[in-house]
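Undergrad: quick one, structure for this:
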Amino acid sequence: MFDSERGDADITLCIFPHLREFIAIDARGNRAGGPAVLSLSISNLLEEDFYSGVEQDFSKLLRSHDIGFLELMSIPQQVEAIVRANSLKRIVSELGINTSKDPQDPGGTVGVLFFSGSLLSFDLDKLRETIRELFGQKLSPQVVEQLNDQLFRLMEKERKSINDTSKQDLKGLISGESGPYVTIWESSGK
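TA: Okay, the predicted model is just below:
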């Protein structure tokens, strides 16, 4: 189902877009204590060193003397890359991976699974099948079962959060709190 030409990731981040927690699967064979499933909180990542790193990198970007108009127009994409790189550094640090030799190398490949769309609609049996396919060779059966339980619990929370957000959006439309009108159809002018 998830065939990839890139091979298996050593570290996989399971991201739930509406939640403040996520799961990191550290499947590196050389990890002290063996492969593990770790539950992480965004609150733990967004500490002072994260903000300082983003601010320093953003300052370097803005103060570049060779910046031209084209580079100026690409600043939003560069800021996104800065936030992504600093987030990865913090996640790797939370996982206890020493990157002192090369701060840009997290110690292996990092993959990301976004639990949205069709992946979020999996039932428990389909989730188990998928997790076994992705991690069955790298994780023990007990760790795979723990991962299934954690993922399914977060999937339910994510679905509830999406449902609650949809209800709030609908309530805002009906009550007028979202603005005086809603466009349900717009002519393209052709």
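Undergrad: what mean pLDDT does the helix or strand containing Lys60 have?
TA: Taking DSSP states H and E as the criterion, Lys60 maps to helix 48-62. This predicted structure assigns helix 48-62 an average pLDDT of 91.
Undergrad: buried residues of that helix, list them for me.
TA: Buried positions in helix 48-62, judged by neighbour count with 16 or more other CB atoms under 10 Å: Phe50, Gly53, Val54, Asp57, Phe58, Leu61. Every residue, glycine included, has its C-beta placed from N, CA and C.
Undergrad: which elements pack onto that helix?
TA: Here helix 48-62 touches helix 75-94, going by 3 or more CB pairs under 8 Å, 6 or more residues apart in numbering; DSSP states H and E.
Undergrad: elements contacting the helix it packs on?
TA: Taking 3+ CB pairs under 8 Å, 6+ apart as contact, the helices and strands that helix 75-94 lies on are strand 36-41, helix 42-45, helix 48-62.
Undergrad: now the last one against helix 75-94, angle please.
TA: When axes from the mean of the first three to the mean of the last three CA atoms, to 10 degrees is applied, the directions of helix 48-62 and helix 75-94 differ by 150 degrees.
Undergrad: now what about the helix or strand following helix 48-62, what contacts it?
TA: Of the helices and strands lying after helix 48-62 in sequence (DSSP H and E), the nearest is helix 69-73. Contacts of helix 69-73 from elsewhere in the structure, counted by CB atoms under 8 Å, 6 or more residues apart in numbering, are Ser64.
Undergrad: what do you get for stretch 131-150?
TA: Defining contact as CB under 8 Å, 6+ apart, one finds that stretch 131-150 is touched by 1-2, 8, 12, 23, 25, 27, 29, 34-37, 39, 124, 127-128, 151.
Undergrad: pLDDT weak spots in the protein?
TA: The model of the chain has pLDDT under 70 over residues 1-7, 98-107, 169-190.
Undergrad: re earlier: got the helices and strands packed on helix 75-94 as TSV, with distance to Val144 columns?
TA: Conversion of those to TSV gives the following (distance: least, CB to CB, whole Å):
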stretch	distance to Val144
strand 36-41	9
helix 42-45	25
helix 48-62	31
